[in-house]
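*Asks:* sharing a model that was predicted from the sequence below.
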Amino acid sequence: MFKFVLGRIVPLLILAMAITLGWLASQESPLAIFFATFIPLSKGHLPPTLFGHGKMKGTPPVHDEMMPLPRPQNEKFLLLPGGHLMPQIGIGMCCRPTAYDDELVYRTILWYLLLGGRHIDGAHLYLNHVAIGRGIAEAIRRGVKREEIFVTTKIFPTHFGYESTLKNVEVYAKELGLEYIDLVLMHFPTTFPFMMSPCKKERKDAMQCCRETWKALSKLHESGLIRNAGVSNFAMKHLIDLEGVGAPVANNQIQFTPFEPEHVMETVAYCAQHNITMTAHIPLGGIMDQDKAMADGVLNQIAAKYGKRVSHVMLRWATQRGFAVIPGTGNPDHMRENLSIFNFELADEDMQTINELKYKAKGFVHIDVHKND
């Protein structure tokens with residue numbers, strides 16, 4: 001049996017891995033293709049990267065006669081440095097199977113905008129700009145005003161560099177079908193060690209690449225192609241590197257749940273002191289931790305007190321901490337529920353109880369931006 005495994009199975013696995021790596025390496029955005037393939041597979045779906053779009057089940061079609069509903073009651077906003085308002089509740093277009101099928105992305109965006117949502121969070125890495133743009137265009141055709149919609153996208157470090165940033169952000173706007181983008185973020189402070197960027201090819205270090213990219217975003221801000229510029233997954237040390245370089249940092253999007261390590265609060269405090277708004281991505285725990293978060297005893301007790309779901313409590317906690325939140329879903333019922341989080345408010349003692357969960361949290365996955373140089 002051992003000889004059979006060693007002689008037949010192992011070589012086949014090595015061959016399959018080599019073919020997969022070769023296929024990924026042939027793609028324009030290997031990491032994006034990897035996520036767009038692996039995430040659907042991990043949930044038992046056939047990935048559109050291999051089998052084509054429009055075949056995955058999920059988000060239902062939107063009826064032709066459906067028109068825009070009122071915006072959420074008691075909706076709240078964050079004021080960005082340039083005077084623009086960002087809705088505190090948004091929708092994330094990443095990291096679930098339905099975010100990688102163009103037809104389901106189109107339906108998701110259309111549902112969300114017609115249900116009253118206005119804040120859409122995307123990225124080049126998610127490979128769904130065009131489908132998002134189709135959904136926005138159809139919502140506008142049905143009566144949603146473009147000036148009410150707040151669109152965020154991100155430039156991945158493999159595109160960092162001054163000229164590369166100018167060129168790629170213009171491509172993002174065309175893919176989205178927009179005359180301007182409300183917010184463009186630098187997705188991470190640096191590439192992974194094995195990845196290149198136009199800036200790294202010039203033998204510039206991570207700090208230089210960040211600054212060159214930020215200068216380009218500042219130029220795009222001046223031109224009006226983007227309304228605001230910001231960062232994502234930046235720790236305090238990375239934000240300090242951008243001080244005085246160009247436009248003010250409008251937003252820092254980081255992982256933020258009640259279970260984050262204490263050192264994350266250093267970044268939160270810096271942003272508060274420097275008028276940098278914050279957005280919580282994977283605010284419900286994401287692929288790795290959502291089930292664990294939903295089962296937390298303390299959160300369930302507080303949820304029962306208010307007659308709400310744990311997910312609503314987590315989102316309301318983050319917004320009361322001053323964050324925007326961008327939970328991802330392709331389910332219209334969940335969209336409705338998420339848009340209703342401003343219909344209640346957590347008491348101070350419950351906020352404090354949730355704040356203290358980070359001291360007891362064990363086994364939660366955290367993207368440690370402090371290690372990104």
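*Replies:* Noted; the coordinates are in hand.
*Asks:* which one's the longest helix in the protein?
*Replies:* Assignment by DSSP state H gives helix 206-223 as the longest helix of the chain.
*Asks:* any buried residues in that helix, and which?
*Replies:* For helix 206-223, the buried set under the neighbour-count rule, 16 or more other CB atoms under 10 Å, comprises 206, 208-221. Where you see a C-beta, it was placed from the backbone N, CA and C, and this is true even at glycine.
*Asks:* the closest residue to residue 74 other than its chain neighbours and residue 240: what is the separation?
*Replies:* Spatially, and ignoring its direct neighbours in sequence, residue 74 is nearest to residue 342 (3.9 Å; CB to CB, 6 or more residues apart in numbering). Noted for residue 342: a distance of 34 Å to residue 240, by CB to CB, to the nearest Å.
*Asks:* same check on residue 325?
*Replies:* With distances taken as CB to CB, residue 325 is found 26 Å from residue 240.
*Asks:* more neighbours, the two?
*Replies:* The neighbour count for residue 325 versus residue 240, taken as other CB atoms under 10 Å, is higher for residue 325 (28 against 11).
*Asks:* on that earlier part again, by contact count, what packs against the longest helix of the chain?
*Replies:* Contacts of helix 206-223 with other secondary structure elements, assessed using 3 or more CB pairs under 8 Å, 6 or more residues apart in numbering; DSSP states H and E, are made with helix 162-176, strand 183-186, helix 198-201, strand 229-232, helix 236-241.
*Asks:* what's the mean pLDDT across the second one?
*Replies:* Going back to what we said before, that points to strand 183-186. Per-residue pLDDT over strand 183-186 has a mean of 98.
*Asks:* neighbouring strands for that strand, and are they parallel or not?
*Replies:* strand 150-155 (parallel), strand 229-232 (parallel) (DSSP bridges).
*Asks:* ok, which of those strands comes nearest residue 57?
*Replies:* strand 150-155 (26.9 Å; CB to CB).
*Asks:* and the contacts of that closest one?
*Replies:* By CB atoms under 8 Å, 6 or more residues apart in numbering, the residues outside strand 150-155 that reach it are 84-87, 90, 118-125, 129, 132, 136, 165, 168-169, 172, 176, 178, 181-187, 213, 217, 232, 251, 253, 279.
*Asks:* give me the buried subset of these.
*Replies:* By neighbour count, with 16+ other CB under 10 Å, the contacts of strand 150-155 hold 86-87, 90, 118-125, 129, 132, 136, 165, 168-169, 172, 176, 178, 181-187, 213, 217, 232, 251, 253, 279 as buried.
*Asks:* OK, contacts around the residue nearest to residue 74?
*Replies:* Neighbouring residues of residue 342 by CB under 8 Å, 6+ apart: 72-76, 88-89, 316, 319.
*Asks:* a markdown table for the residues you listed, including distance to residue 351?
*Replies:* As requested, those are exported to a markdown table (distance: CB to CB, whole Å):
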| residue | distance to residue 351 |
| --- | --- |
| 72 | 21 |
| 73 | 21 |
| 74 | 18 |
| 75 | 20 |
| 76 | 16 |
| 88 | 16 |
| 89 | 18 |
| 316 | 9 |
| 319 | 11 |
